[in-house]
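After the sequence you'll find the predicted model.
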Amino acid sequence: MTTIDEQAAVLALAKATHDRPWFLTARVILDTGSALEVLDGGCASRDTDDRAHAATVAARVRPGDLTWARGLVTTMRGNGVHLVTVLDDAYPGNLMWAYDRQPFLWICGGILPTDHRAVAVVGEDDATHATAAARALAQAGITVVAPLRSALDAAVHQAALDAGGRTLAVLAGGITKPSTVGEYASVAERIAGCGALVSAFWPDAAPSDRTATLARVVTCGLADSLYVIDGADGGASAGHVEQALHTGKYVFLSQRLHQEQLWAARAGLRGGMTAVQDIDELTKQAVNLVDMTPRTNTC
């Protein structure tokens, strides 16, 4: 198990990365195998840019930053929230394989080894279709991953839980910030009891369009594949598709979306995407895909 000092060092390095994407810091920490070593000037990466990045962020960290970080980890534990960093065995394997993995996650609830068999369900308007898909996937033993920002998202989680399944809710803000879950606080509480709330942001970070965009990295990363219900060009669903394809995750689309939205048809030309006729076909193909994928979950 990673020590609290290593976890604190990860947080301190992430805090010092205020002008570059956090996944760059996650990468140099992983390559080196120790955040404390990175702080001491070590970096095992062979990439010149990565070594320069490691030196820059390490130079910004002050002794008080480690004290602050240790205190934050302890406080969050007292609130029932635990920290998982890229150095921890419990860091989700599906996300670990993404090049843009985040350096840390705050988790309320728990992520299980079986959660590598996961499909993300995203959409914008058709809650009836979304809940039917979530219910069918849960009944097939698939963990459902989804954001928790809209009524459709909340309905997806509730449908999977009602079917006896597990869900992972990816938050677009800090895990202790009330506005992150807003009116869906009761749903969030239920998810934490039968799955996990996951946030890749500072605990008190307010949700915003920027954090919602970054949360897509985690949503797509936690899942083995993505099912998209509906969505307009430039919307949240299109953003999830772009992120999934960019990181090599397979995408399933509803037949209706593929037929009615030109952006979806264009995205399909890149490969890695299938339009399914109905939910039965989705379930069959999704189960086949997750069972053929080598187990990558490290928790």
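Looks like it came in fine. Numbers count the residues shown, from 1 in each chain.

residues near residue 250, how many?
21 (other C-beta atoms under 10 Å). Every C-beta, even on glycine, is put in place using the N, C-alpha and C of the backbone.

Kindly report the same for the one 3 residues further on.
Burial of residue 253, expressed as a neighbour count using other C-beta under 10 Å, amounts to 26.

Quick one: mean pLDDT over the strand or helix carrying it.
Element membership for residue 253, per DSSP states H and E: strand 250-254. The average of the pLDDT scores along strand 250-254 is 95.

Name the helix or strand for the residue most central in space within the chain, please.
Most central in the chain under C-alpha atoms, centre = their mean is residue 218, positioned 1.9 Å from the mean C-alpha point. In the assignment (DSSP H and E), residue 218 maps to helix 209-222.

quick check: angle from that helix to strand 250-254?
110 degrees (axes from the mean of the first three to the mean of the last three C-alpha atoms, to 10 degrees).

Neighbouring strands - and their directions - for whatever helix or strand comes next after helix 209-222?
Per DSSP H and E, the first helix or strand lying C-terminal to helix 209-222 is strand 225-228. Sheet pairing for strand 225-228, assigned by DSSP bridges, gives strand 118-122 (parallel), strand 250-254 (parallel).

Would you mind listing the outside residues contacting the last one?
To tie it back to what came earlier, the one meant is strand 250-254. 119, 129, 224-230, 241, 244-245, 264, 267-268, 272-276, 282, 285-286, 289 (C-beta atoms under 8 Å, 6 or more residues apart in numbering).

And for the first one?
Surrounding strand 118-122, the residues in contact under the criterion C-beta under 8 Å, 6+ apart are 94, 130, 133-134, 137, 142-147, 156, 168, 219-220, 222-229, 231, 236-237, 240, 244, 252, 286, 290.

What segments of the protein are strands?
82-85, 104-109, 118-122, 143-147, 167-170, 195-199, 225-228, 250-254, 273-276 (DSSP state E).

would you list the strands paired with strand 225-228 in a markdown table and tack on distance to residue 50?
Putting these into a markdown table (distance: least, C-beta to C-beta, whole Å) gives the following:
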| stretch | distance to residue 50 |
| --- | --- |
| strand 118-122 | 29 |
| strand 250-254 | 29 |
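
by how many degrees do the longest helix that the chain contains and strand 104-109 diverge?
In the chain, assigned by DSSP state H, the helix with the most residues is helix 63-78. Comparing the axes of helix 63-78 and strand 104-109 via the same axes, to 10 degrees yields an angle of 20 degrees.

wait, residue 25 sits on residue 17?
Yes. Using C-beta atoms under 8 Å, residue 25 is in contact with residue 17, at 4.6 Å.

Comparing these two, which shows the higher neighbour count?
The neighbour count for residue 25 versus residue 17, taken as other C-beta under 10 Å, is higher for residue 25 (28 against 20).

wait, what's in contact with the more buried one?
Contacts of residue 25 by C-beta under 8 Å, 6+ apart are 13-14, 17, 53-54, 57, 103.

One more: residue 288?
Listed by C-beta under 8 Å, 6+ apart, residue 288 has no contact partners.

Please apply the same query to the one 3 residues further on.
When contacts are counted by C-beta under 8 Å, 6+ apart, residue 291 is found next to residue 117.

how near is it to residue 133?
18 Å (C-beta to C-beta, to the nearest Å).

same thing with residue 176?
Residue 176 sits 31 Å away from residue 133, going by C-beta to C-beta.

before we move on, what about residue 146?
From residue 146 across to residue 133, the span is 10 Å (C-beta to C-beta).
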